[in-house]
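K.L.:
predicted model and sequence below, questions to follow.
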Amino acid sequence: MRTLVRGTAELVLTAGLLLAFLVAHLVWGTDGYTHKAQHGLQDDLERQWRNARLQTSPATVSGHRRRPKAVTVPRRPGTAFATLRIPRFGRSYRYAIVEGVSEADLRKGPGHYPGTAGPGRLGNMVISGHRTTYGAPFKDNGELVRGDEILIDTALTTYVYHVTGRDIVRPSTVEVAAPVPFHPGREPRKKLLTLTTCHPKFSAAYRLIIFAELTSTRPFHPDDS
């Protein structure tokens with residue numbers, strides 16, 4: 001009987017250790033993959049943007065400042081086209097945004113929901129990201145409050161959005177990605193940004209949604225990032 005109890009206890013202990021190892025790998029072990037991917041994506045963006053700035057004519061013509069040109073989002077999944085900064089999370093917070101929200105795309109970092117608006121465009125730009133694994137870029141989204149800045153950087157322009165609200169919805173509530181959130185088919189009149197991530201942490205039962213609106217733009221300066 002003692003042998004049976006001892007054997008059962010050892011099995012339970014072994015299973016517990018394996019489970020703990022698996023959780024540790026999912027939470028911390030996947031971070032290395034994302035950090036490496038982000039390093040490569042941001043290096044590529046910096047090279048592309050440097051070339052774009054060299055090829056761009058002066059920002060003013062006849063004394064009038066040009067309006068920033070809206071960014072064309074790439075169609076190829078996994079391709080980076082902009083960076084995300086959230087000042088509340090510190091100066092070091094910076095992620096390359098990739099096109100697509102598949103599992104493979106989100107392992108690289110925050111992903112732009114295909115078909116939604118791009119930076120500076122009318123409608124709703126939707127970005128999804130992990131909250132607990134693969135770098136967890138949106139782990140602290142629950143701390144965002146009304147008025148917080150969210151910055152989207154492109155080669156020539158920084159788009160400044162301010163948080164306007166938040167919500168918690170079921171995964172099936174896809175209407176948050178509509179040009180006018182929760183109102184599919186309505187004509188958009190604002191330039192919006194929506195961040196989506198799982199809620200609560202370590203669960204995919206719901207989605208935490210952060211809403212923001214474009215309030216200004218300014219020339220992008222590499223020293224800001």
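P.N.:
Done, it's in.

K.L.:
grab the nearest non-local neighbour of V73.
P.N.:
Excluding the flanking residues, the one nearest V73 by C-beta to C-beta, 6 or more residues apart in numbering is G118, at 4.2 Å. Backbone N, C-alpha and C define where each C-beta goes, glycine included.

K.L.:
same deal with R186?
P.N.:
V180 (4.2 Å).

K.L.:
check which helices and strands the biggest helix by length in the chain is in contact with.
P.N.:
The residue-count maximum for a helix in the chain (DSSP state H) belongs to helix 31-55. Packing partners of helix 31-55 (3 or more C-beta pairs under 8 Å, 6 or more residues apart in numbering; DSSP states H and E): strand 80-85, strand 95-99, helix 103-108.

K.L.:
take the ones you listed and write them to JSON lines, including distance to C198, mean pLDDT and mean neighbour count.
P.N.:
JSON lines is the format used below for these (distance: least, C-beta to C-beta, whole Å; pLDDT from 0 to 100; neighbours: other C-beta atoms under 10 Å):
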{"stretch": "strand 80-85", "distance to C198": "17", "mean pLDDT": "98", "mean neighbour count": "23"}
{"stretch": "strand 95-99", "distance to C198": "17", "mean pLDDT": "98", "mean neighbour count": "24"}
{"stretch": "helix 103-108", "distance to C198": "11", "mean pLDDT": "98", "mean neighbour count": "17"}
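
K.L.:
rewinding a little: which SS class is the residue nearest to V73?
P.N.:
coil (DSSP: H, G, I helix; E, B strand; the rest coil).

K.L.:
looking at this protein, which helix or strand is least sure?
P.N.:
strand 60-61 (a mean of 41; mean pLDDT, DSSP states H and E).

K.L.:
so what's the residue positioned nearest the centre of the chain scoring on pLDDT?
P.N.:
In the chain, the C-alpha nearest the mean C-alpha coordinate belongs to P110, at 3.2 Å (C-alpha atoms, centre = their mean). At P110, the model reports a pLDDT of 99.

K.L.:
do V73 as well
P.N.:
On the pLDDT scale, V73 gets 76.

K.L.:
rewinding a little: number of residues surrounding the residue nearest to V73?
P.N.:
With neighbours defined by other C-beta atoms under 10 Å, the count for G118 comes to 19.

K.L.:
surely it touches M125?
P.N.:
Yes - between G118 and M125 there is a contact under C-beta atoms under 8 Å: 6.3 Å.

K.L.:
returning to what we had before: in CSV: the helices and strands packed on helix 31-55, plus distance to K201.
P.N.:
Supplementary listing: the helices and strands packed on helix 31-55 in CSV, determined by distance: least, C-beta to C-beta, whole Å:
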stretch, distance to K201
strand 80-85, 20
strand 95-99, 18
helix 103-108, 16
